[in-house]
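Peer 1: quick check, what structure comes out for this input:
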Amino acid sequence: GQFAKAAEALELVMKARPDAPSFYTLGLVYLQLDQVRLDNGDQPRRRVMQAIELARKIRSDYPEFGHARLLEAGALFHADKTDQAIELLDDPFGAGRGATLNNRLRLELQTLFMIDRNQIGKAFQKLPQPNISSSKVAKQLISAANDMLVKVSKLPAEDRKRALKALVRTHLARRGPNWQLAAANGRELVTILPEDPILTLGLAADYGRSGQTDKARSILSAYLKVDPDFAKVWHLLGQLCLRANETVAAENAFRKYLQLIDDSPSVEVELANILEGAGKGTEAVKLYESVISKSDRFPIVFNNLAYHLVTAEKPDLDRAMQYAKRAVDLAPSSGDYRDTLGWIFYTKKQFEEAMEELEKAVALDPSNPIIRYHLGMAYLKHTSIPKNEREKKAADALREALAISPNFLDADLAARELKKLPGN
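Peer 2: As a prediction, this is how the structure comes out:
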C-alpha cells in the first residue's frame with residue numbers, strides 16, 4: 001500500500017533494467033497514486049499522464065506486450081478521456097500469447113467505459129450471457145457478474161465513477177498479475193457495494209493468491225452468513241482450507257458445494273482426493289466412479305481408481321489395467337501414472353512390460369523414490385536378464401530410492417530387499 005515508495009523503486013529499476021512487465025507495474029502504481037491524490041482532494045493529473053506516456057512507450061518498444069493497450073485505455077479513462085479509451089479498444093487483439101485473455105479484458109473494460117458514458121444498453125450488449133450448455137455454476141457466476149454491473153450503473157454519479165475506476169484498476173492488476181494491488185482495489189469496491197457475491201469472491205481470491213489466506217477465508221465466511229447458497233463461495237473456501245491443511249473444513253466446504261451444484265466432476269475429484277487422504281477410500285472410489293460416468297477427461301481419476309483396484313482386498317487387475325492405461329493415454333508425461341501401470345504389470349507377473357513402463361516412469365520423474373523401488377523389484381523378477389545383471393540393476397535402483405529419501409513409504413521394504421543382494 002506504500003505506492004509512492006513503490007513508484008520510486010520501480011523508477012530505479014527502469015533505469016537499470018527496463019522491461020515491459022516492470023513498466024506495466026509502474027503504470028498501475030501511477031494510476032493508484034492518481035486515485036490517492038483525488039481521494040485527498042488534490043487534483044493534479046501528473047501521475048495519470050505519466051501512466052499514459054508509459055503505456056505508449058511499452059506499445060512502441062515492446063509491441064508484442066498486448067497488456068500495454070489495456071493499460072493505456074485504463075489510464076485514458078482515469079484522465080476522463082473515456083471516448084478515446086473506448087475507441088482504443090475497438091480492434092481485437094490478434095493471435096499470439098495472451099490474446100484470448102487480452103480480448104476478454106478488452107471487452108470487460110469497454111463495458112465499464114460505456115457504463116461511464118451512460119451507454120447502458122450498448123454496454124450490456126457486450127456482457128456474456130449463459131447458454132444452454134453452460135454449467136449451473138457458470139450460469140450463477142455470469143448472472144451475478146452482470147447483476148453487479150447493473151448495480152454499479154445505478155449508483156449516484158460520484159460513487160459510480162469511483163467504482164468503475166476501481167474495477168478498471170482491479171482488472172488491470174489481475175492481468176499483471178499483481179494480486180496485492182488487485183486486493184487493494186477490491187477492498188475499495190466492497191465498501192461501495194457490500195455483500196455483492198462477485199466482488200466478495202474476487203477480493204477473497206486476490207487475498208488468497210497473495211498469500212493472505214486468513215483474510216480470504218474471513219471474507220468468505222462472513223458472506224456465507226448472508227447468502228449460504230452461492231456455490232462458488234463454498235468452492236473457493238474449500239480450496240483455501242486445503243491450502244491451510246485444514247482438510248476437514250475443506251471436505252465440508254466441498255460437500256456443501258456439491259449439494260448446491262450436483263453436476264461438477266472437477267469438485268468431486270477434489271473431494272475424493274481429500275477422502276483418500278483421510279482414509280475414506282470406499283467413499284472416494286464411489287466419487288471417482290461418479291466422475292467417470294460424467295467425464296473421461298481426468299487422468300487422476302483413472303489412475304487412482306486403478307490403484308484402488310490393484311490394492312483392494314479382492315483385486316480386479318484387468319479393470320485396474322484398463323483404467324491405468326487410460327490415465328497414461330490422457331497424461332503420457334506423468335511418471336506417477338506410468339508407475340501405476342508398471343506396478344499393475346508387476347502384480348500380473350508380466351515383468352518385461354513392468355520393467356519397460358517403470359523405466360519410462362523413472363525417466364519422467366527421477367526424484368520419486370517409490371518409482372525407483374518398484375523398478376528395482378521389477379528387475380529382480382525379470383528372469384530373462386542374467387542373474388548378475390538383474391541383481392546389479394535392482395541394487396542400483398533400490399540404493400537410489402533410499403538415497404533420495406530414507407523414509408519414503410516403502411523404505412523398509414526397499415532396505416530389506418537391498419540387504420539380500422550380493423555386496424550389500
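
Peer 1: low-scoring stretches of this structure, by residue?
Peer 2: Counting by pLDDT under 70, the ranges of the chain that qualify are 36-44, 132-134.

Peer 1: residues near V226, how many?
Peer 2: V226 is surrounded by 11 other residues when neighbours are defined as other CB atoms under 10 Å. C-betas here are computed from N, CA, C, even on glycine.

Peer 1: pull the number of nearby residues for the nearest residue to it once chain neighbours are set aside.
Peer 2: Here the nearest residue to V226 in space, its sequence neighbours aside, is E195; by CB to CB, 6 or more residues apart in numbering that works out to 5.2 Å. Neighbour count for E195, taken as other CB under 10 Å: 12.

Peer 1: SS state for E195?
Peer 2: coil (DSSP: H, G, I helix; E, B strand; the rest coil).

Peer 1: how close does L258 get to P299?
Peer 2: From L258 over to P299 the distance is 21 Å, taken as CB to CB, to the nearest Å.

Peer 1: picking that back up, from I261, how far out is the residue nearest to V226?
Peer 2: Taken as CB to CB, the spacing of E195 relative to I261 amounts to 21 Å.

Peer 1: what does L413 give?
Peer 2: Here L413 is placed at a distance of 43 Å from I261 (CB to CB).

Peer 1: between those two, who's got more neighbours?
Peer 2: Just comparing L413 and I261: by other CB under 10 Å the higher neighbour count belongs to I261, 18 against 12.

Peer 1: host element of S143?
Peer 2: If you go by DSSP states H and E, S143 is part of helix 136-153.

Peer 1: what's in contact with that helix?
Peer 2: 111-112, 115, 120, 123-124, 127-130, 134, 160, 163-164, 167, 193, 196-199, 230-232, 235, 261, 263-264 (CB atoms under 8 Å, 6 or more residues apart in numbering).

Peer 1: so what's A363 closest to, chain neighbours aside?
Peer 2: With CB to CB, 6+ apart as the criterion, A363 has its nearest non-adjacent residue at 7.8 Å, and that residue is G335.

Peer 1: sorry, back to before: list the buried residues for the helix holding S143?
Peer 2: V137, Q140, L141, I142, A144, A145, N146, M148, L149, K151, V152, S153 (16 or more other CB atoms under 10 Å).

Peer 1: same check, this time on stretch 311-321
Peer 2: Taking 16+ other CB under 10 Å as the neighbour-count basis, stretch 311-321 is seen to contain the buried residues A320, M321.

Peer 1: tell me the contacts of D206?
Peer 2: Going by CB under 8 Å, 6+ apart, D206 touches T170, R174, W179, Q180, A182, A183, G186.

Peer 1: between those, which sits nearest A312?
Peer 2: When these are compared for distance to A312 (CB to CB), W179 wins out at 43.5 Å.

Peer 1: that closest one - how many residues pack around it?
Peer 2: Look at W179: counted by other CB under 10 Å, it has 19 neighbours.

Peer 1: test my guess that it contacts K215.
Peer 2: No. At 11.9 Å, W179 does not count as touching K215 under the criterion of CB atoms under 8 Å.

Peer 1: name the residues contacting each of these two.
Peer 2: If you check W179 and K215 against CB under 8 Å, 6+ apart, the residues they both contact are Y207.

Peer 1: once you drop chain neighbours, what's closest to V168?
Peer 2: Setting aside the residues directly before and after it, V168 is nearest to G74 in space (CB to CB, 6+ apart), at 4.7 Å.

Peer 1: from T25, how far out is that neighbour?
Peer 2: Taken as CB to CB, the spacing of G74 relative to T25 amounts to 13 Å.

Peer 1: next one: K139
Peer 2: From K139 to T25 the distance is 35 Å (CB to CB).

Peer 1: go on, F254?
Peer 2: Spatial separation of F254 from T25 under the definition CB to CB is 35 Å.

Peer 1: could you do W234 as well?
Peer 2: Taken as CB to CB, the span from W234 to T25 is 33 Å.

Peer 1: which of the two has more residues huddled nearby?
Peer 2: More neighbours surround W234 than the other of W234 and T25, with 24 against 19 (other CB under 10 Å).
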